[in-house]
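Novice: requesting a structural model of the entry that follows:
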Amino acid sequence: MGYRAPVADILFTLRHAAGFEAARGEGLYGDLGDELEAVLDAAGRFATDVLAPLNAPGDRFGTPFKDGHVTTPPGWKEAYRAWAGGGWNSLAAPPEWGGQGLPRAVGAACIEMWNSASMAFGIGPTLTMAAVDALAAHGAEHLKKAYLPKLVSGEWMGTMQLTEPHAGSDVGALRTRAERAGSPDGSYRITGTKIFVTFGEHDLTDNIIHFVLARLAGAPDGTRGLSLFLVPKFLGRPDGALGLRNDVRAHSIEHKMGLHASPTCTMVYGDHGGATGFLVGEENRGMACMFTMMNAARLAVGLQGVGVAEAATQQALAYARERRQGHAAGRRGAGGGDGTGRESVPIIAHADVRRMLVTMRALTRAARAICYATAVALDRAELAADETSRRVANERAALLTPVAKAFATDIGSEVASLGIQVHGGMGFIEETGAAQFYRDARIAQIYEGTNGIQAIDLVTRKLPMSGGGVVRGYLGELRRTVGAVKAANDPAFGATGERLDEAVESLAQASEWMLARLPTASDAALAGATPYLRLFGLAAGCAMLAEEALAASRHAGDADAADKPGRIAVTRFFAENLAAQAPALAGIVTTGAVAALSIAGIGR
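Specialist: The predicted model follows:
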């Protein structure tokens with residue numbers, strides 16, 4: 001069985017866990033109703049029918065590199081042209097530059113489906129969309145006019161270039177240089193080397209627009225001295241046609257664990273005196289501009305985790321229903337062909353396999369809800385009627401973004417690994433496709449800021465917002481969900497109310513412990529940052545699943561019910577088996593630093 005876009009699940013999560021329906025009720029999304037379902041149906045069909053069949057062949061073909069050129073797998077150019085021609089690249093882009101101006105939450109749902117179908121394909125366009133955000137927010141008017149229409153349409157693609165061989169995640173150590181060219185167009189000359197550049201070279205579009213961090217002579221040290229430059233592969237002519245090739249080239253491509261169909265390039269600037277680049281924003285303010293691009297990309301990366309988890313879950317479930325092995329307790333028959341006289345059963349009949357499958361489903365749905373809630377908060381930050389509401393929404397989006405990126409990509413790898421386990425030995429063999437999900441998913445925990453960096457950002461920057469008022473306000477919302485579950489008094493929820501209550505109070509306890517040790521970023525707080533983020537994801541994810549289950553109860557019998565018994569069962573499992581870990585995680589956060597920081601524990 002191949003991937004099939006779960007449009008009904010996606011719609012239900014958007015409406016009832018992420019807050020889309022509430023925002024629409026407030027008028028923030030206008031009359032977007034039936035159109036939402038039509039857009040997601042069309043995106044789902046494209047993902048299912050066009051992209052998913054290219055995934056495994058693309059992985060096998062890879063991206064051959066010769067004489068500085070990358071060849072994408074067979075069928076990819078046609079698929080990309082159909083994708084861009086269908087308007088998918090412009091979905092949430094500004095209408096003044098040719099975009100459709102649909103909510104980010106709608107774009108988020110589509111990004112999930114495209115990455116479920118083929119993460120190697122989906123990663124390229126998401127960076128172009130992030131480039132559109134950065135250029136629209138910070139670019140000079142002449143740059144917007146020259147580049148935004150073609151980036152928005154997908155006629156050109158964009159890249160994001162930070163990392164250098166010596167620097168890794170230490171962006172402040174970048175050495176790529178920029179010099180003022182002294183020409184009438186105000187351009188700069190860029191020299192240096194960038195690594196790990198996704199889609200830095202390819203044959204999908206005629207031009208590639210690179211967004212590059214570089215340092216001017218005399219600029220301050222560290223990140224304060226970085227500037228952001230737009231560097232096109234081909235320079236434009238006055239008539240809008242492509243002109244001369246710029247002084248930038250792909251030196252090589254990386255041979256990676258996964259994402260074989262996505263070219264990851266080493267880029268060289270300045271073989272012949274320097275690539276022509278144009279300043280985006282102000283000199284020495286490049287990180288502020290780049291963060292616009294990075295934050296959009298971080299949510300997209302979280303959605304990649306959700307997408308791979310969904311695809312891995314679908315495949316594992318289909319395999320478990322078909323693969324017959326072993327005997328279920330109490331089931332005997334005339335013989336299943338194994339010589340024992342007992343009937344062999346589909347492996348889904350085995351309790352441990354069912355446990356793995358429901359773990360996969362529960363984690364995927366929780367991560368989806370967190371990512372979609374982040375997208376709705378971003379929409380509110382742009383669309384709310386008054387400045388206070390926009391500020392509150394922006395703070396909520398800032399709080400949730402590191403959780404969306406890190407929790408969702410962590411579970412992407414975990415779910416893909418469980419998928420291999422469900423397949424047994426066949427999961428370790430490439431022909432089933434289960435291994436590819438894991439190979440592809442693993443990088444998402446590393447790029448766009450490693451998940452450890454996301455956890456540190458959550459603890460040191462997002463937790464202290466408004467003196468801790470932002471996180472305390474969010475905890476208040478989670479507590480209201482706890483109250484609603486308990487008030488439902490439905491035996492089907494089991495111990496959901498109690499376990500969710502414990503998870504939320506564990507998060508509150510750990511949050512106050514962290515806040516007491518800030519603003520100084522003590523080693524104790526930093527050592528507990530990763531378990532704190534996991535605790536946050538479990539508490540928030542459980543609450544959102546509970547909101548879905550409550551909504552399914554309210555809509556029982558309606559078309560929008562979306563499987564009331566199943567949603568309550570998944571929520572109960574998450575609460576009793578996953579969120580139940582919260583008190584232990586809170587203990588790790590508050591007491592585990594001494595052992596975590598022990599040199600003796602590391603050894604020589």
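Novice: roughly how far apart are Ala219 and Lys194?
Specialist: Distance of Ala219 to Lys194, computed by CB to CB, to the nearest Å: 18 Å. In short, each C-beta sits where N, CA and C put it, glycine included.
Novice: neighbour-wise, which of the two wins?
Specialist: Lys194 (28 against 17; other CB atoms under 10 Å).
Novice: beta-bridge partners for that one, please?
Specialist: Beta-bridge pairing of Lys194 under DSSP bridges involves Met267.
Novice: Ala384 touches Arg396, doesn't it?
Specialist: No. Contact criterion CB atoms under 8 Å: Ala384 and Arg396 do not qualify, at 11.1 Å.
Novice: using the three-state scheme, assign Cys110.
Specialist: Here Cys110 is recorded as helix under DSSP: H, G, I helix; E, B strand; the rest coil.
Novice: likewise Gly27?
Specialist: coil.
Novice: so between Ala384 and Arg396, which is more surrounded?
Specialist: Neighbours per residue (other CB under 10 Å) separate Ala384 from Arg396, with Arg396 holding more: 23 against 18.
Novice: distance of the closest residue to the more buried one other than its chain neighbours from His350?
Specialist: Nearest residue to Arg396 in three dimensions, chain neighbours excluded: Ala377, at 4.3 Å (CB to CB, 6 or more residues apart in numbering). To His350, Ala377 is 41 Å away according to CB to CB.
Novice: Trp513 touches Thr590, doesn't it?
Specialist: Yes. Assessed by CB under 8 Å, Trp513 is found in contact with Thr590 at 4.8 Å.
Novice: any stretches of the stretch 101-250 of the chain with poor pLDDT?
Specialist: The model of the stretch 101-250 of the chain has pLDDT under 70 over residues 167-173.
Novice: hmm, back to that, just give me the neighbour total for the residue nearest to Arg396.
Specialist: For Ala377, the neighbour count with other CB under 10 Å is 25.
Novice: chain center to the helix or strand harbouring it: distance?
Specialist: Following DSSP states H and E, one finds Ala377 within helix 351-383. Here the centre of helix 351-383 is set off from its chain's centre by 11 Å, with CA atoms, centre = their mean, to the nearest Å.
Novice: and it, what does it pack against?
Specialist: Where contact means 3 or more CB pairs under 8 Å, 6 or more residues apart in numbering; DSSP states H and E, helix 351-383 is packed against helix 7-16, helix 20-25, helix 104-117, helix 286-322, helix 387-423, helix 529-554, helix 564-573.
Novice: reformat those helices as a markdown table; add distance to Gly452.
Specialist: Below are the helices and strands packed on helix 351-383 laid out as a markdown table (distance: least, CB to CB, whole Å):
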| stretch | distance to Gly452 |
| --- | --- |
| helix 7-16 | 28 |
| helix 20-25 | 31 |
| helix 104-117 | 23 |
| helix 286-322 | 14 |
| helix 387-423 | 8 |
| helix 529-554 | 6 |
| helix 564-573 | 28 |
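Novice: out of those helices, flag the one nearest Asp185.
Specialist: helix 286-322 (19.3 Å; CB to CB).
Novice: report all helices and strands that the closest one contacts.
Specialist: helix 104-117, helix 119-138, strand 157-161, strand 208-216, strand 226-232, helix 351-383, helix 387-423, helix 434-441.
Novice: buried sites along it?
Specialist: 286-287, 289-290, 292-317, 319-320 (16 or more other CB atoms under 10 Å).
Novice: what does stretch 72-81 give?
Specialist: For stretch 72-81, the neighbour count (16+ other CB under 10 Å) marks 72-73, 76, 79-80 as buried.
Novice: and stretch 95-103, by the same measure?
Specialist: Here stretch 95-103 shows 97-100, 102-103 as buried, counting by 16+ other CB under 10 Å.
Novice: neighbouring contacts of that stretch?
Specialist: 20, 29, 32, 39, 87, 90-94, 132, 136, 144, 148-149, 152-153, 375-376, 379, 383 (CB atoms under 8 Å, 6 or more residues apart in numbering).
Novice: what number of residues lie near the closest residue to His272 other than its chain neighbours?
Specialist: Nearest non-adjacent residue to His272, counting by CB to CB, 6+ apart: Asp247, 4.9 Å away. By the measure other CB under 10 Å, the count of residues near Asp247 is 20.
Novice: and what of Gly240?
Specialist: By other CB under 10 Å, the residues close to Gly240 number 11.
Novice: nearest to Val459, of the helices and strands packed on helix 286-322?
Specialist: Among these, the nearest to Val459 by CB to CB is helix 387-423 (9.1 Å).
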